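> One predicted model, sequence on top.
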Amino acid sequence: MPKIVFITPDGKRHETEVEKGYSVMEGAINNNIDGIVAECGGACACATCHSYVDEAWLDKIPEMDDMEDSMLDAAYERRDNSRLTCQIEITDELDGLVIHVADNDL
């Protein structure tokens, strides 16, 4: 199983294993990662799974579509590396992916 590293807003590092085919958001929820709220359950309708993809991984994840881009406009502190974790599917190529969880509990 691919390993995903979540770094929560308090600076804690959580190495998890996430099954291929799941979203990064589902991996966070299944591993009790603080800060990934996911109010809409992964429907790209709330921006509460907003996170920052580590710069080293930006070219390795699929580009965002227009719907995700629009939803990120509602996210707190959007950055160039902002993504909705519900829109990133886990593949073998993402083994080692580092995600910095945004402050979604506001």
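Structure received.
> ok, the residue most central in space within the chain to Leu94 distance?
In the chain, the residue lying closest to the centroid (C-alpha atoms, centre = their mean) is Thr85, at 2.8 Å. Separation of Thr85 from Leu94 (C-beta to C-beta, to the nearest Å): 12 Å. (C-beta placed from N, C-alpha, C; glycine too.)
> His50 too?
18 Å.
> Looking at the two, which has the bigger crowd around it?
Just comparing His50 and Leu94: by other C-beta atoms under 10 Å the higher neighbour count belongs to His50, 27 against 20.
> which residues touch the more buried one?
72, 75-76, 78, 82-85, 102, 104 (C-beta atoms under 8 Å, 6 or more residues apart in numbering).
> Filter those residues down to the ones in strands?
82-84 (DSSP state E).
> Which one of these sits in the busiest neighbourhood?
Going by other C-beta under 10 Å, Leu84 tops these with 27 neighbours.
> in the protein, what spans have low per-residue confidence?
106 (pLDDT under 70).
> end-to-end on stretch 52-60?
14 Å (C-alpha to C-alpha, to the nearest Å).
> Show me what it is in contact with.
So stretch 52-60 is contacted by 61, 79, 81-83, 88, 93-94, 97-102 (C-beta under 8 Å, 6+ apart).
> Just the buried positions in that stretch, please.
52-53, 57 (16 or more other C-beta atoms under 10 Å).
> Likewise for stretch 61-74?
61, 64, 68, 71-72.
> so how far is that stretch from its chain's centroid?
12 Å (C-alpha atoms, centre = their mean, to the nearest Å).
> contacts for that stretch?
By C-beta under 8 Å, 6+ apart, stretch 61-74 touches 44-47, 50, 53, 78, 82-84, 87-89, 94, 97.
> Ok, stretch 26-39 next?
Under C-beta under 8 Å, 6+ apart, the answer for stretch 26-39 is 4, 6, 8-10, 14, 16, 18-19, 22, 25, 42, 46, 48-49, 51, 85-86, 90, 99, 101-105.
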